[in-house]
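Engineer: 3D, please:
(chains A, B and C)
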Amino acid sequence: MLKIALPARRPFNFPSVVNSHGWRQLAPFHFENDVLSYVDHLSTKRVVEYRITAASAGVQVETEKLNKSEQREVTDKITWMFGLDMDFTNFHAASRLEPKLARAKKQALGRVLRSPTLFEDVVKTIFTTNTLWAVTKNMSRKLVDEFGIALSEKNARSPLSALENNKSFPTPEAIAASTPDFIKEKIRVGYRAPAIYDLAFRIASGKYDLEALKTSSLPTLELRKELMTIKGVGPYAPANLLMILGRHDFIPIDSYALKMVSHEWYKGKPITAREVERRFEKWGAYKGLAFWFWDWKYNG
DNA sequence: GGTAGACCTGGACGC
DNA sequence: GCGTCCAGGTCTACC
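Structural biologist: I've put the predicted structure just below:
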């Protein structure tokens, strides 16, 4: 067994990242007893499981024995997934005088849990649209079960594995080798199937470098436009993806957002996206963060 | 640029 | 059981 300790820029809080949104509940993530598990497909074709826990200065990753290049890959991926090197000093300073965000620095709020690839995050974001969370979980589970690659039998049997179905998130190539009709019928993603297939196909065929957006220097507005060129990504989805990419100047306004803001300031009456924008306008470059980590009085 | 309506799914609810 | 509604939206046609 291999243990890798990875330091984080302070302040850092493991539970705050894991609980930042629902990704921990979507395959191939699994969260239980303070351990975040994830099955990953390395570039060397090996499929390994990470068991990630809180450590004094960051996180600790337990996995099987890896060579040096694999260790570097795992280090890079976990650093990205947890945003270990991200700096939220300015957001924490701005939050200090807002009672609804005063806990931000103490709880190290700001980071959101990411998947190793933007491809996985885009697919899962599309799975969250216009459906129930339980259905989103089903879609993710089925996609992993159908197209993912299993841990080797030896590793799946080891006490390290906490998962029922030990498969990695599928590569674009694996999905592109299928068809939209098969994806629709087998994964039960409905009208989202052509969008998932199209994205996978464009990446697999080398026509589109989605992962390059992780390090893009485009202004946020341009980056948003770029994300909206992806089928199935409308006005809501890019705001969610921009948060994942560390851009916080857009609010993911969905039915949940409208409900929260309505109960916070409008006595539960129906409102539009304009009211949500207006309430968080003053947070400027941090309005996505302010919205995301707001201590809502309504919790329904 | 704003808006209406169709679109998959599956859990919740009322009958 | 069965029908209807709705949920962490998107897309297209139309005005």
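
Engineer: from here on, contacts and neighbour counts on C-alpha atoms
Structural biologist: Fine.

Engineer: partners of the longest strand along chain A, with directions?
Structural biologist: Using DSSP state E to define each element, chain A has its longest strand at strand A:47-55. Here strand A:47-55 is paired, per DSSP bridges, with strand A:35-41 (antiparallel), strand A:58-63 (antiparallel).

Engineer: and it, average pLDDT?
Structural biologist: Mean per-residue pLDDT for strand A:47-55: 97.

Engineer: cool, stretch A:215-231 as well?
Structural biologist: 93.

Engineer: with DNA strand C in mind, check whether it reaches it.
Structural biologist: Yes: Stretch A:215-231 lies within reach of DNA strand C by Cα under 7 Å from any atom of the strand, at A:228, A:230, A:231.

Engineer: run through who's touching the helix or strand residue A:264 falls within.
Structural biologist: Taking DSSP states H and E as the criterion, residue A:264 maps to helix A:255-265. Residues from elsewhere that reach helix A:255-265 (Cα atoms under 8 Å, 6 or more residues apart in numbering): A:268, A:269, A:270, A:271, A:272, A:273, A:275, A:276, A:296, A:297, A:298, A:299.

Engineer: how close does the most centrally placed residue in chain A get to residue A:243?
Structural biologist: When chain A is reduced to its mean C-alpha position, the nearest residue by Cα atoms, centre = their mean turns out to be residue A:114, at 3.6 Å. Taking Cα to Cα, to the nearest Å as the criterion, residue A:114 is separated from residue A:243 by 10 Å.

Engineer: so how far is the helix holding residue A:264 off the chain centroid?
Structural biologist: Computed by Cα atoms, centre = their mean, to the nearest Å, the separation of helix A:255-265 from the middle of its chain amounts to 22 Å.

Engineer: and it, is it in reach of DNA strand C?
Structural biologist: Yes: Helix A:255-265 is in contact with DNA strand C by Cα under 7 Å from any atom of the strand, via A:255, A:256.

Engineer: what residues of the next helix or strand after that helix count as buried?
Structural biologist: From helix A:255-265 onward toward the C-terminus, using DSSP H and E, the following helix or strand is helix A:273-280. Judged by neighbour count (16 or more other Cα atoms under 10 Å), helix A:273-280 contains these buried residues: A:276, A:277, A:280.
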